[in-house]
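Participant: what shape does this take:
(2 chains)
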2 protein chains.
Amino acid sequence: MNRCPPLSRTERAQLAMMLEVCAYPKPGNVDRCHDYEDTRLEHFLASAIMARPALERAEQGEGGIGALIREAVELTSCHGGGNTHFGAFLLLFPLILGGDIEGACSAVRQTSVEDSLAFYEAFGTTKVRMLESDEEIDVNDPAATATIRERGMTLLDIMGYSAPKDMVAREWSDDFALTRKAADYLLEGAGRQAIVQAFLRLLSEEIDTFVVKKHGIEVAEWTRREAGAVLAGTRSLEAFDEECLERGINPGSIADLVIAGIYVALGEGWQWDC
Amino acid sequence: MNRCPPLSRTERAQLAMMLEVCAYPKPGNVDRCHDYEDTRLEHFLASAIMARPALERAEQGEGGIGALIREAVELTSCHGGGNTHFGAFLLLFPLILGGDIEGACSAVRQTSVEDSLAFYEAFGTTKVRMLESDEEIDVNDPAATATIRERGMTLLDIMGYSAPKDMVAREWSDDFALTRKAADYLLEGAGRQAIVQAFLRLLSEEIDTFVVKKHGIEVAEWTRREAGAVLAGTRSLEAFDEECLERGINPGSIADLVIAGIYVALGEGWQWDC
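Facilitator: As a prediction, the model looks like this:
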């Protein structure tokens, strides 16, 4: 090792994205050992590289959260791997703008209607399902932006609206509680093993709302229980991983929270390199 | 995919470092499937992220090649994985400054004594063996810098001095011929498979001078022949890889050339994402 300047916020965010996707085995998700056919390790790593201009603008305090998310989504849509980090960006941009969790809580309270509109524009380039079509504000409905304007909804309002069904959005109104929990779990250990443990512990404690949207509540409950069984030593992690991969059960929201947790933990001296 | 701005030179270099190390199986080297105990996939990926400020300065035409290499080595020495990209930087910085191979040839001809001195300073932070201790200019000898000044040796002179024993240094005086060859091999295919094929073809045609320094010429010759046998279909790539890993035979200079080749190929429309 060497004289090392402290990591910039941008570097912490990029390292967090890189370290999370490399860590293995992570049940059902892309990791060092597993790709999905359309989305591979290299797509996640390319996105970590390509997102940099937006991350850096956030670090310099330029641009609102909505515009920054839109920019990051555009920058990372230039490959065939689809949306890799939409949820992670929802957490990282407040954290970068605010520096830490306290700052992030302050940043989301300052969002505006303009942030909401920019955020909705970002949807045009993704296939993210956030507000479901049976809800009042349909992301695919051109009238949504009119509704946002009429009601004066800030991006914090939008996230509050999505919170019951989306654990990433819920972080905004819940003081980044699961991000904090992920960071605390990481800080109990170091390196790859700590990432895998933090992932499994969150997965065993929380229903992944991304899994709920894709497979329904019963499958999400099953995933949570199986993660607990792995931690209890009564279920093979590798076999659980294989079953998730076969069934396409990818707990993407837990992964987003772990990325945010790594960002926070790196800022608190967590050792990734061991 | 989406409206995509052309990749910047910095992004091409970072993608090249990322794609090269992820590609597998690569006989003897760190790849997606293999770590060495002290140097792991994450170290290479962290270096690709951390080198950015130096890469970007090169893209903006700031700084001489020697100072840029020194800066990049310092930026990427902040982890326990040791020197991951020293050889790659020797190729990437001329390529970024010059844009392409023609520009790189022009850039290396413009190097100065100052570049040589900065380059030698970079050695202080690495364990790279370039000029061996039985040679006249020993990198570990404080008198070396005096010698460089007295003789007015540019960095191109230094590379010429190292060329007989170092295939990366040789690129400087040989118009980046193997970089060109690597790019041409890549352009015959796409994605990960093209990287593995380019790696194997170079390895079967050229003696890796890094292997020579570490293990001697006979082992390097054996490695070259075995790579040829893999391409001829008479040797299992996986078994060859395992044997190299067990014996610590890591063809690092071929890897550096493949990184430079990916940088060039990306600039010529090569598809990494397929």
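
Participant: helices and strands around the helix or strand of chain A with the lowest mean pLDDT, which ones?
Facilitator: Ranking every helix and strand in chain A by mean pLDDT, DSSP states H and E puts helix A:143-151 at the bottom, with a mean of 87. Applying 3 or more C-beta pairs under 8 Å, 6 or more residues apart in numbering or on different chains; DSSP states H and E, one finds that helix A:143-151 contacts helix A:113-123. Using the backbone N, CA and C atoms, a C-beta is placed for each residue, glycine as well.

Participant: residues of the helix it packs on that come out buried?
Facilitator: Neighbour counts over helix A:113-123 (16 or more other C-beta atoms under 10 Å in any protein chain shown) mark A:Val113, A:Asp115, A:Ser116, A:Leu117, A:Ala118, A:Phe119, A:Tyr120, A:Glu121, A:Ala122, A:Phe123 as buried.

Participant: cool, stretch A:40-59 as well?
Facilitator: Here stretch A:40-59 shows A:40-52, A:54-59 as buried, counting by 16+ other C-beta under 10 Å.

Participant: out of those, list just those in helices.
Facilitator: Secondary structure from DSSP state H places A:41-50, A:52, A:54-59 of the buried residues of stretch A:40-59 in helices.

Participant: show me which residues of the stretch 51-200 of chain A sit near chain B.
Facilitator: A:Arg52, A:Glu74, A:Ser77, A:Cys78, A:His79, A:Gly80, A:Gly81, A:Thr125, A:Arg192 (C-beta under 8 Å from any C-beta of the partner chain).

Participant: do that again at 10 Å, thanks
Facilitator: Within the stretch 51-200 of chain A, the positions adjacent to chain B are A:52-53, A:56, A:73-82, A:124-126, A:191-192 by C-beta under 10 Å from any C-beta of the partner chain.

Participant: buried subset of those, written for PyMOL?
Facilitator: If you want just the buried ones from those in PyMOL, going by 16+ other C-beta under 10 Å, the selection is:
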select buried, chain A and resi 52+56+73+74+75+76+77+78+79+81+82+125+126+191+192
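
Participant: A:Gln271 and chain B, how far apart?
Facilitator: Distance, A:Gln271 to chain B, using C-beta to the nearest C-beta, to the nearest Å: 10 Å.

Participant: brain fart, A:Thr111
Facilitator: Distance from A:Thr111 to chain B, by C-beta to the nearest C-beta: 25 Å.

Participant: so what's A:Ala67 closest to, chain neighbours aside?
Facilitator: Of all residues not flanking A:Ala67 in the chain, A:Ala118 sits nearest, at 4.5 Å (C-beta to C-beta, 6 or more residues apart in numbering or on different chains).

Participant: distance of the one you found from chain B?
Facilitator: Taken as C-beta to the nearest C-beta, the span from A:Ala118 to chain B is 16 Å.

Participant: again, but for A:Pro94
Facilitator: Where chain B is concerned, A:Pro94 sits at a distance of 21 Å (C-beta to the nearest C-beta).

Participant: need the contact list for that residue.
Facilitator: A:58, A:65, A:68-69, A:101, A:103-111, A:155-156, A:159, A:171-172, A:176, A:179, A:260 (C-beta atoms under 10 Å, 6 or more residues apart in numbering or on different chains).
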